[in-house]
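Chemist: coordinates only, no sequence provided:
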């Protein structure tokens, strides 16, 4: 989910103001500010949930390969429709015609025949 998203029904805009912050930084800031901890059983905070499994996997990756998580995050912040597999966002079927049109206007610098 992006940091700012229009809900499917168009009635609400969902914002995640700390989306670009590391969880550890948020936790440290909370500790320094002495914010109270409010118990919660929502959003996968229960043990053995898939969210927790993925969190552990990412922590292990970060430990074994420092910088990988930052690289992954950067990769999803600069995406073009042609880099995705969604046929409604990008015309993959029309690529050959587009290539032919581009090649038609080019001047051949080398004639190998």
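Modeler: Cool, got the structure. Here the structure is a predicted model, which is why all the values come from computation and not from measurement.
Chemist: other SSEs contacting the longest helix along the chain?
Modeler: Using DSSP state H, we find that the single longest helix of the chain is helix 50-64. Secondary-structure packing of helix 50-64 (3 or more Cβ pairs under 8 Å, 6 or more residues apart in numbering; DSSP states H and E): helix 68-75. Bear in mind the C-beta positions are built from the backbone N, C-alpha and C, glycine included.
Chemist: next structured bit after the helix it packs on?
Modeler: helix 95-104 (DSSP states H and E).
Chemist: other residues contacting that following helix?
Modeler: Outside helix 95-104, no residue is within contact range by Cβ atoms under 8 Å, 6 or more residues apart in numbering.
Chemist: from the middle of its chain, how far away would that helix be?
Modeler: 31 Å (Cα atoms, centre = their mean, to the nearest Å).
Chemist: middle-most residue in the chain, spatially?
Modeler: residue 76 (3.4 Å; Cα atoms, centre = their mean).
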